[in-house]
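Colleague: This is a predicted model, with the sequence first.
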Amino acid sequence: MTEGSNALEILANVIRTCYDVGDVAIPYYLHKAHQHRHRKLVVETAAGKFMIKTYQRDPVVLDALRFQHRLSSHLDQNGIPVARIKSGKDGKNIVELDTWALELQQFVQAEPMEVSAETLAISAAALGRFHLVCHEFPRPQRDTRMWRFSEVPRAAFGKLYEIAKQQGPEADATKYCNQIALFLRDAANELNWDARNKFETGLIHGDWHGGNLLFRDGELAAVVDLEFAGDGCYLEDMSYAISNLCIRTTDKPERLLKRVNILLDNYQTYRALSHHEQVALPYAVGVKHVTTVSYQIVQFKNAQLAGLSAMEWMQRLADQCAWLATRARHARYGR
């Protein structure tokens, strides 16, 4: 399907023909949403407002989408709010055309999660419930030891270090780099290939961050973006959650402690972490966090991320990794 106003007219006509939604307005792009994997548009109809997602008509892509639809329905039935999928007139959730396909998804009028004690507790409980109710849910098999961020890419971290050296004293950048590198060395030992066999696996969300947790009036309105959901290690989801919701925006020990404890306490109302998981989790969080910052900061021309320069990030990462290492030692020795 091509771009342009004519394409939007075609899309509107397809929706009029294939869905029982009454009058259909011309769709428009949801500009604040990421468009890199598939296009996201919004359409207003007599039956309500929907998000449109378009895909290539590829058997592998559509099989993955059907799995996401089954999972979405399962979550909805088990008390985890989602953006429900609208079925077409033929009862199917996907409309297939010549070379492309589309789905209509309920448009959730809500905002991405803002971190607070209340939203942390709600999001953590939701993740724990997600893991509990989906433990036996049928899903395509994949190697649960293959995490998306299982180790920090040297090239990306090296680039962060080089930019930091340009922004401030090289001695400081080198000191922070060495501190982070020592943490990553220990993380590699705790998260090695054999160690990963000790961690519990099941169905994971795969991308648990504030942008995929929509809140309205202080309540969780929807968990969205199931594209990375599948067989995996629960520590992967936990490391995403803690990195994104607890660690990213602060290096103050008292705030880190409060946030992480809130998240873990509420998560464990549904699934308790084993001793191996408690020791390894801080290292998994650190690896995910350093990797994300390293990748993201090089994408900005002014080499800033969330208002911090590369040098400032090196210092923050060193402090955060030191805190995480202490957390891991306390978990290991019961302190």
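Modeller: Looks like it came in fine.

Colleague: now K89, nearest residue through space, not along the chain?
Modeller: Nearest residue to K89, sequence neighbours excluded (C-beta to C-beta, 6 or more residues apart in numbering): D20, at 5.5 Å. All C-beta spots, glycine's among them, are computed from the backbone N, C-alpha and C.

Colleague: I figured that neighbour was touching S87, is that so?
Modeller: No - applying C-beta atoms under 8 Å as the test, D20 and S87 come out as separate, 9.0 Å apart.

Colleague: between these two, which one's more packed in?
Modeller: S87 (15 against 12; other C-beta atoms under 10 Å).

Colleague: show me what contacts that one?
Modeller: By C-beta atoms under 8 Å, 6 or more residues apart in numbering, S87 lies in contact with N93.

Colleague: The one 3 residues further on too?
Modeller: Taking C-beta under 8 Å, 6+ apart as the criterion, D90 is in contact with C18.

Colleague: got the buried residues for the one helix or strand K175 maps to?
Modeller: Applying DSSP states H and E as the criterion places K175 in helix 170-190. Neighbour counts over helix 170-190 (16 or more other C-beta atoms under 10 Å) mark 172-173, 176-177, 179-181, 183-184, 186-187, 190 as buried.

Colleague: Then stretch 260-279?
Modeller: By neighbour count, with 16+ other C-beta under 10 Å as the criterion, the buried positions of stretch 260-279 are 260, 262-264, 266-267, 270-271, 273, 276-279.

Colleague: swap in stretch 126-137?
Modeller: Buried residues in stretch 126-137, counted by 16+ other C-beta under 10 Å: 126-131, 133-134.

Colleague: Over to stretch 239-258?
Modeller: 239-248, 250-251, 256.

Colleague: So which of the residues you listed are in helices?
Modeller: Those of the buried residues of stretch 239-258 mapping onto helices are 239-242, 256, per DSSP state H.

Colleague: ok, back up a step: output the buried residues of stretch 126-137 as JSON lines; include the columns distance to I10 and secondary structure.
Modeller: Converted to JSON lines, these look like this (distance: C-beta to C-beta, whole Å; DSSP: H, G, I helix; E, B strand; the rest coil):
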{"residue": "A126", "distance to I10": "38", "secondary structure": "helix"}
{"residue": "L127", "distance to I10": "39", "secondary structure": "helix"}
{"residue": "G128", "distance to I10": "44", "secondary structure": "helix"}
{"residue": "R129", "distance to I10": "41", "secondary structure": "helix"}
{"residue": "F130", "distance to I10": "37", "secondary structure": "helix"}
{"residue": "H131", "distance to I10": "41", "secondary structure": "helix"}
{"residue": "V133", "distance to I10": "39", "secondary structure": "helix"}
{"residue": "C134", "distance to I10": "37", "secondary structure": "coil"}
